[in-house]
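K.L.:
one predicted model, sequence on top.
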Amino acid sequence: MSSENKREGLSFVQYQADGIQTNFTFSFRYIDREYITVKVGEADITDFIFVNANEINIDPAPAVGLIVTIRRETESTEKLVDFEDGGIITEELLD
């Protein structure tokens, strides 16, 4: 994929679709696959398939010119880690 067809950030990647490509890669980290969202143009896509940990498949191929966005989304109010007491720093301080 040429660099003019791809744009990356810390928690997203965007591709300009060519009408042929069906597999799209991303390099950002995530805790669980449920936090990965995909949009083609303005439409949310839910029937994409993970090929591996950092590659998804969208079938059929998105239409030429549409922007494919793969993004990590987590709720800022959702507790992803639950620390426990065991030292000087308490659970309450860490949460």
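P.N.:
Now that the structure is in, tell me what you want to look at.
K.L.:
dump the residue contacts of Ser11.
P.N.:
Going by C-beta atoms under 8 Å, 6 or more residues apart in numbering, Ser11 touches 28, 71-73. All C-beta atoms are positioned from the backbone trio N, CA, C, and that covers glycine.
K.L.:
could you list the low-pLDDT ranges of the protein?
P.N.:
For the chain, the stretches with pLDDT under 70 are 1-4, 75-87.
K.L.:
which residue ranges form the helices in it?
P.N.:
With helices called from DSSP state H, the chain shows them at 91-94.
K.L.:
now do the strands in it.
P.N.:
With DSSP state E as the criterion, the chain has strands at 6-8, 12-16, 23-25, 36-40, 43-45, 49-52, 55-57, 67-72.
K.L.:
would you mind giving both backbone torsions of the nearest residue to Pro60 once chain neighbours are set aside?
P.N.:
Excluding the flanking residues, the one nearest Pro60 by C-beta to C-beta, 6 or more residues apart in numbering is Thr22, at 7.4 Å. Taking degrees, to the nearest 10, you get phi -120, psi -20 for the backbone angles of Thr22.
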